[in-house]
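1. With the sequence up front, the predicted model follows.
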Protein chains: 2
Amino acid sequence: MKIGIIGGGAVGLLFAGYLGQKFDVTLIVRRELQLQSLLMNGITVHKGGSSFTTRVDSDLLTEVSMKFDFVIVAVKEYDLKPLEKVLELMDKNQPLLFLQNGIGHLEWVESLPHHNLLAGSVEHGALKENDHVLHHLGVGKTNLALIKGEWGAVEELVSQSIPSFPFLLKQDFEEMLLTKLFVNVLINPLTALTRVRNGKLVENPHLHQLQRDLFQELLLLYPHMERNVSFEGVVEICNNTYENRSSMLKDIESERKTEIESILGVLLEKAQREHHFVPIMNVVYRLVKGIEREGLGG
Amino acid sequence: MKIGIIGGGAVGLLFAGYLGQKFDVTLIVRRELQLQSLLMNGITVHKGGSSFTTRVDSDLLTEVSMKFDFVIVAVKEYDLKPLEKVLELMDKNQPLLFLQNGIGHLEWVESLPHHNLLAGSVEHGALKENDHVLHHLGVGKTNLALIKGEWGAVEELVSQSIPSFPFLLKQDFEEMLLTKLFVNVLINPLTALTRVRNGKLVENPHLHQLQRDLFQELLLLYPHMERNVSFEGVVEICNNTYENRSSMLKDIESERKTEIESILGVLLEKAQREHHFVPIMNVVYRLVKGIEREGLGG
């Protein structure tokens, strides 16, 4: 089975590193330098005390022939738009699996001319060290759900997958993505602003109260999610990832663009449209945007 | 005129350094090490490119005889309480001038048995380098107002004061302290959370909008202050102190206790008592408290 993976960030490398052990994987990247590094070194995944290296094909985004059984799109949400032309050149029967955080990209994905569209929600923790080395920190699973069309070749991925890199099929893609979004909202911006590790959000009474109130604001926007996400579940995730630094915290510390728009910006737009009052989200959003702007040069 | 100054922090050193040039000043400190350092070196004030050194008397808080024409209390608000016994041993006619930020200490000050009580609001910027050296960064003035009793010896201070270290008499001590408090609320916690210099609060659109909304929350609590503080005035202060790092930012970066209780804690108590809804203050308070707690060891 030929799998194309677009995006050489932490998620793209993680999926190529694992899936490349079993399938014919091509990792499609933007930069010539990363392409050369991948062809020369393969992908090295560090996990716990050990590591393994996987050799995969690699191609530049501009040159890729795009003949795959399915394609995994593993770029950040804010990098999706420039892919539009590349995706439109591809066979419309080729399933596309989108691994972005948030829900802001859903409308755009649903408007694509492809017949088979899927969404994934990644629970793994991954930290990219350089263009071909990454650390697999939190071992979780990948949830998959159909947006439209058929599962097709993706079923093979699920049934044949590697035990230490499991996939799980979900019924409702919106519920699946919202569940992940809730977790992201309740961990990422708060750790980014206070620069603490995930576990501290639960341990520190001031931050925990804030997290609890933020959860209530989320339920204002999505009352039906009370069935799918419990605050206790979020607490458990914080405890299970106690020592982790969230991706948004890493972005803020490295003065990179954050995913605040995908995570909170979209929710604030919804709140405004539907006249919900969500002051905590508002303050947290502006503080992160303010810091991000300074980090990127003001 | 004999002046006692209690507190060897930035404000105490600043006042002793300037007033010691003209008056008989005793700087009263807590630590033996600082006492020795002051007796050996005097106080050195760096300002712009130049500096001057003032020799003053110094004493330990526990041993001090407390015979002065008036006493300036220059400790942080959260360090006031332990002074209660020392102050009560003093001549009740001796005027006391309190230089704390915020308004949380007013009730306590008014309950003291002394006949002449004054409050001051310091507009200078000062950064302590070590126990006897400080940098006078922003040159401003000191506003003085009577809480109860008579001006007494303090009038001499005002009329004879050093041109580069001016004092100004104010009619209403509450208005005076609230004016300073507004400025502190609108600059200190926001710079501490985002780790930017004062000027950025005005320049960065996300932070500026937050600052503007926070100003409206302050007016909810103190509607009559609309006559005394304008948002434009706060913007001007941010621009005039463009390159400054606020004291709360320095405290957060140095993992020290902040003045968040004196600056926001008191306002949140008032809001709760009077049933005002002040969500921005709430979020900002909790974030700062959360970070402060981690900095102090969790």
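-> Perfect, I can see it now.

2. Count the residues that sit near residue A:174.
-> By the other C-beta atoms under 10 Å in any protein chain shown criterion, the neighbourhood of residue A:174 contains 16 residues. The way it works is simple: take the backbone N, C-alpha and C, and place the C-beta from them, glycine included.

3. Please pull up the helix or strand immediately following the helix or strand where it lies.
-> Secondary structure from DSSP states H and E places residue A:174 in helix A:173-194. Later in the chain than helix A:173-194, the nearest helix or strand by DSSP H and E is helix A:200-203.

4. chain center to that next one, what's the gap?
-> The gap between where helix A:200-203 is centred and where its chain is centred comes out at 23 Å by C-alpha atoms, centre = their mean, to the nearest Å.

5. got it, and stretch A:185-195?
-> Counting by C-alpha atoms, centre = their mean, stretch A:185-195 is centred 16 Å from the centre of its parent chain.

6. Report the contact partners of the residue in the stretch 51-200 of chain A positioned nearest to chain B.
-> The shortest separation between the stretch 51-200 of chain A and chain B is 5.0 Å, found at residue A:194 (distances taken as C-beta to the nearest C-beta). With C-beta atoms under 8 Å, 6 or more residues apart in numbering or on different chains as the criterion, the residues that contact residue A:194 are A:200, A:207, B:287, B:290, B:291, B:294.

7. Wait, the second one touches residue A:193, no?
-> If I follow you right, that is residue A:207. No - if you go by C-beta atoms under 8 Å, residue A:207 and residue A:193 don't touch, sitting 9.4 Å apart.

8. Look up the residues that both of those two are in contact with.
-> residue B:287.

9. How is chain A partitioned into domains?
-> A:2-171, A:176-292 (automatic domain parsing).

10. I figured residue A:140 hits residue A:121, correct?
-> No - under the criterion of C-beta under 8 Å, residue A:140 lies out of contact with residue A:121, with a separation of 9.8 Å.

11. who's more crowded, those two?
-> Under the neighbour definition other C-beta under 10 Å, residue A:140 and residue A:121 were set side by side, and residue A:121 has more, 24 against 17.

12. which SSE is that one in?
-> Since the elements are taken from DSSP H and E, residue A:121 ends up inside strand A:117-122.

13. what's in contact with the helix or strand following that strand?
-> Counting by DSSP H and E, the next helix or strand C-terminal to strand A:117-122 is strand A:126-130. Strand A:126-130 is touched from outside by A:9, A:10, A:11, A:13, A:14, A:37, A:46, A:134, A:135, A:136, A:137, A:250, with contacts defined as C-beta under 8 Å, 6+ apart.

14. run the last query once more with 7 Å
-> A:9, A:10, A:11, A:13, A:14, A:134, A:135, A:136, A:137 (C-beta atoms under 7 Å, 6 or more residues apart in numbering or on different chains).

15. Could you pull out the strands in the stretch 51-200 of chain A for me?
-> Ranges of strands in the stretch 51-200 of chain A, per DSSP state E, counting those that start in this stretch, are A:57-60, A:70-73, A:96-98, A:117-122, A:126-130, A:133-136, A:142-148, A:167-170.

16. For residue B:55, which of those is the nearest?
-> Ranking the strands of the stretch 51-200 of chain A by distance to residue B:55, with C-beta to C-beta as the measure, places strand A:126-130 first at 57.0 Å.

17. Would you mind listing the buried residues in that closest one?
-> Neighbour-count burial for strand A:126-130 flags A:126, A:127, A:128 (criterion: 16 or more other C-beta atoms under 10 Å in any protein chain shown).

18. Need those in TSV (columns: distance to residue B:243).
-> Conversion of these to TSV gives the following (distance: C-beta to C-beta, whole Å):
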residue	distance to residue B:243
A:126	39
A:127	35
A:128	36
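
19. Which single one of those is nearest to residue B:254?
-> Among the buried residues of strand A:126-130, residue A:127 lies closest to residue B:254 (C-beta to C-beta), at 28.8 Å.

20. Pairing partners for the closest one in the sheet, please.
-> Following DSSP bridges, residue A:127 is listed with bridge partners residue A:135.

21. Contacts for stretch A:19-32 next, please.
-> A:1-6, A:8, A:12, A:16, A:35, A:38, A:43, A:54, A:56-61, A:64, A:160, A:162.

22. So what touches stretch A:40-58?
-> By C-beta under 7 Å, 6+ apart, the residues outside stretch A:40-58 that reach it are A:13, A:16-17, A:20-21, A:25-27, A:29, A:35, A:38-39, A:132-136.

23. Ok, stretch A:143-158 next?
-> When contacts are defined by C-beta under 7 Å, 6+ apart, stretch A:143-158 is touched by residues A:1, A:69-70, A:95, A:97, A:109-110, A:115-121, A:167-173, A:176.

24. Quick check: mean pLDDT of it?
-> When pLDDT is averaged over stretch A:143-158, the result is 91.

25. low pLDDT regions in chain A?
-> Counting by pLDDT under 70, chain A contains low-confidence ranges at A:63-65.

26. What is the neighbour count of whichever residue of it sits closest to chain B?
-> Among the residues of chain A, residue A:279 lies nearest to chain B; the distance is 3.5 Å by C-beta to the nearest C-beta. With neighbours defined by other C-beta under 10 Å, the count for residue A:279 comes to 17.

27. chain center to stretch A:111-125: distance?
-> For stretch A:111-125, the separation from the chain centroid amounts to 11 Å (computed by C-alpha atoms, centre = their mean).

28. just stretch A:170-185 next, same as before
-> Using C-alpha atoms, centre = their mean, the distance from the centre of stretch A:170-185 to the centre of the chain it belongs to is 11 Å.

29. What parts of the stretch 101-250 of chain A come near chain B?
-> Taking C-beta under 7 Å from any C-beta of the partner chain as the test, the list of the stretch 101-250 of chain A residues beside chain B reads A:193, A:194, A:196, A:200, A:204, A:206, A:207, A:209, A:210.

30. Can you tell me which of those lies closest to residue A:182?
-> For these, the closest approach to residue A:182 (C-beta to C-beta) belongs to residue A:210, at 15.1 Å.

31. Let me know the helix or strand that the closest one is in.
-> Short version, using DSSP H and E: residue A:210 is in helix A:205-221.

32. by how many degrees do that helix and helix A:173-194 diverge?
-> With axes from the mean of the first three to the mean of the last three C-alpha atoms, to 10 degrees as the basis, helix A:205-221 and helix A:173-194 are set at 150 degrees to each other.

33. List the buried residues for helix A:205-221?
-> In helix A:205-221, the ones that count as buried by 16+ other C-beta under 10 Å are A:206, A:207, A:208, A:210, A:211, A:214, A:215, A:217, A:218, A:221.

34. Enumerate every residue touching residue A:188.
-> When contacts are counted by C-beta under 7 Å, 6+ apart, residue A:188 touches A:246, A:247, A:248, A:263.

35. could you redo the last one with a cut-off of 6 Å?
-> A:246, A:248, A:263 (C-beta atoms under 6 Å, 6 or more residues apart in numbering or on different chains).

36. For the closest residue to the last one other than its chain neighbours, the count of nearby residues, please.
-> Pointing back at residue A:263 there. Counting by C-beta to C-beta, 6 or more residues apart in numbering or on different chains, the nearest residue to residue A:263 once its immediate chain neighbours are dropped is residue A:184, at 5.0 Å. Counted with other C-beta under 10 Å, the neighbours of residue A:184 add up to 20.
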